[in-house]
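Undergrad: Sequence plus predicted model, see below.
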Amino acid sequence: MKCKEHEERIVDYLAGELSAAERERMEAHIKICGECTKALEEYRNVLSAAKEIEIPVPSEDYWTAGLEEVKNYRPSGRFILKPVILIAGLVLAVSFFASRISNDGREKTAGVKNNYTLVLHRLPYTEDALLDNIEYVDDASAGEVLNVLFENGNVPYTSVSYIYE
Amino acid sequence: MMNNKTADFDEYYREFAKKLYALAFKMVNNQHDAMDIVQESFVKAYQNWDKFRGDAAVSTWLYKITLNLSYDFLNRRGRVSILPVTKDFEDRRIRGGEKEIMKSDMIDIIKKEVDSLTPKQKSIFIMKSYDELTYKEIAKIMNSRVGTIKASYFQIVQKIKKSVGTKIPPYPPLSKGGLRGDLEKG
């Protein structure tokens, strides 16, 4: 289209991203520009049609059960130790392996211990870093281990995951 | 008795599970995989709930987890499969007239165009067009700049429009409802 400078604004306009003044200017322009009126209609048709793509929706029962499942989730590993012993074991294992990890890597496989592998992630403790790396935090127990580590200032690692054998 | 963590979490689950399912479904094009991604997202959220409550917007965090899991899934799967035509969709084509068929064709073209986008482009298009998040919100979720998101969204929509235009021109106006900033609503 010739009115190239307006094409991007038309998309912003339909996306509700223009200020009141910009919106007013756009509407005034569209009233006098046949090309932009046509483009607006075409973009609107495409975006309306996109909204009609159907997706299968799980039942309400699924979501009710899903919520309980999330809250009662336990990893499918074969740990038989009680949680407190497990956490204490992990803390010891993290401390042991941490001393053997070089400082230049952001992430190291710390080692294999019984039926799990510890993976440490050396990152600055910021909200963004955690958001970026949240996928590595695999288990509530790991979170508790981290809290202990942070409180004691033992290791410069901000997340830990362990892979079940 | 329900504690605060549980009550807060339940509320967010009820508000966001279906939205995140729709996002995951459109990303991976498979109902069961999308359901797994959403459940896994909430498991991660629940296990770290105390750390994040009151920090960044919970919705941003939830979207981010779901998107990361969707990207991981797509990387593992290697390629994006095309969503099959559903029975309802076929029935609508049979029942409808020329206009309805044209509309169905347009939806089909758009679906294929969306499937051909990169995972990041796809997530921008989905969050903007379906969830109606702002460029700013999307930028925050994707750790990007508002200008980058805005430019990407325009390129994506322009590409889809061109594809529709070359395959079924001209087409009659469709429903005008549902979009922000509808000109005729003033």
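TA: Cool, the structure landed.

Undergrad: use CA for all of it now, contacts and neighbours both
TA: Noted.

Undergrad: Please tell me how far residue B:152 sits from chain A.
TA: Distance of residue B:152 to chain A, given as Cα to the nearest Cα, to the nearest Å: 11 Å.

Undergrad: what's the neighbour count on that residue?
TA: Close neighbours of residue B:152, defined as other Cα atoms under 10 Å in any protein chain shown, add up to 16.

Undergrad: Surely it forms part of a helix?
TA: Yes. Assessed with DSSP: H, G, I helix; E, B strand; the rest coil, residue B:152 lies in a helix.

Undergrad: how much space between the spatially closest residue to it that is not a sequence neighbour and residue B:24?
TA: Leaving aside its chain neighbours, residue B:152 sits nearest to residue B:121 (7.1 Å; criterion: Cα to Cα, 6 or more residues apart in numbering or on different chains). Residue B:121 is 14 Å from residue B:24, where distance means Cα to Cα, to the nearest Å.

Undergrad: Which one's more surrounded, the two?
TA: It is residue B:24, of residue B:121 and residue B:24, that has more neighbours when counted by other Cα under 10 Å, with 27 against 16.

Undergrad: Do you know the pLDDT at the more buried one?
TA: Note on residue B:24: pLDDT of 96.

Undergrad: again with residue B:169
TA: For residue B:169, pLDDT reads 52.

Undergrad: And for residue B:72?
TA: In this model, residue B:72 is scored at 91, pLDDT.

Undergrad: On the three-state scheme, residue A:16 is what?
TA: Following three-state DSSP, we place residue A:16 in the coil state.

Undergrad: Please tell me how far it sits from chain B.
TA: Residue A:16 is 5 Å from chain B, by Cα to the nearest Cα.

Undergrad: Any chance of the backbone angles for that residue?
TA: For residue A:16, the backbone dihedrals (degrees, to the nearest 10) come out as phi 70, psi 30.

Undergrad: With residue B:130 instead?
TA: phi -100, psi -50.

Undergrad: Could you verify my assumption that it touches residue A:51?
TA: Yes. Between residue B:130 and residue A:51 there is a contact under Cα atoms under 8 Å: 6.4 Å.

Undergrad: tell me which residues of the longest helix along chain A are tucked away?
TA: Taking DSSP state H as the criterion, chain A has its longest helix at helix A:34-51. Residues A:36, A:39-51 are the ones in helix A:34-51 that count as buried (16 or more other Cα atoms under 10 Å in any protein chain shown).

Undergrad: May I have that helix as PDB, with CA atoms only?
TA: The C-alpha coordinates for helix A:34-51 follow below in PDB (Å, rounded to 0.1, in the frame of the first residue of the first chain):
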ATOM      1  CA  GLY A  34      -9.800   4.600   0.800                       C
ATOM      2  CA  GLU A  35      -6.600   2.600   0.800                       C
ATOM      3  CA  CYS A  36      -6.200   2.700   4.600                       C
ATOM      4  CA  THR A  37     -10.000   1.900   5.000                       C
ATOM      5  CA  LYS A  38      -9.500  -1.200   2.800                       C
ATOM      6  CA  ALA A  39      -6.300  -2.200   4.700                       C
ATOM      7  CA  LEU A  40      -8.100  -1.800   8.100                       C
ATOM      8  CA  GLU A  41     -10.900  -4.000   6.900                       C
ATOM      9  CA  GLU A  42      -8.500  -6.700   5.700                       C
ATOM     10  CA  TYR A  43      -6.500  -6.700   8.900                       C
ATOM     11  CA  ARG A  44      -9.700  -6.800  10.900                       C
ATOM     12  CA  ASN A  45     -10.900  -9.800   8.900                       C
ATOM     13  CA  VAL A  46      -7.700 -11.700   9.400                       C
ATOM     14  CA  LEU A  47      -7.600 -11.000  13.100                       C
ATOM     15  CA  SER A  48     -11.300 -11.900  13.600                       C
ATOM     16  CA  ALA A  49     -10.800 -15.100  11.600                       C
ATOM     17  CA  ALA A  50      -7.800 -16.000  13.700                       C
ATOM     18  CA  LYS A  51      -9.900 -15.800  16.800                       C
END
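
Undergrad: Outline the domain layout of chain B.
TA: B:4-77, B:87-173 (automatic domain parsing).

Undergrad: from the chain's centre, how far out does the first one sit?
TA: This means domain B:4-77. Distance, stretch centre to chain centre, for domain B:4-77: 13 Å (Cα atoms, centre = their mean, to the nearest Å).

Undergrad: and the longest helix of chain A, what does it pack onto?
TA: Secondary-structure packing of helix A:34-51 (3 or more Cα pairs under 8 Å, 6 or more residues apart in numbering or on different chains; DSSP states H and E): helix A:4-14, helix A:20-32, helix B:98-115, helix B:119-129, helix B:146-167.
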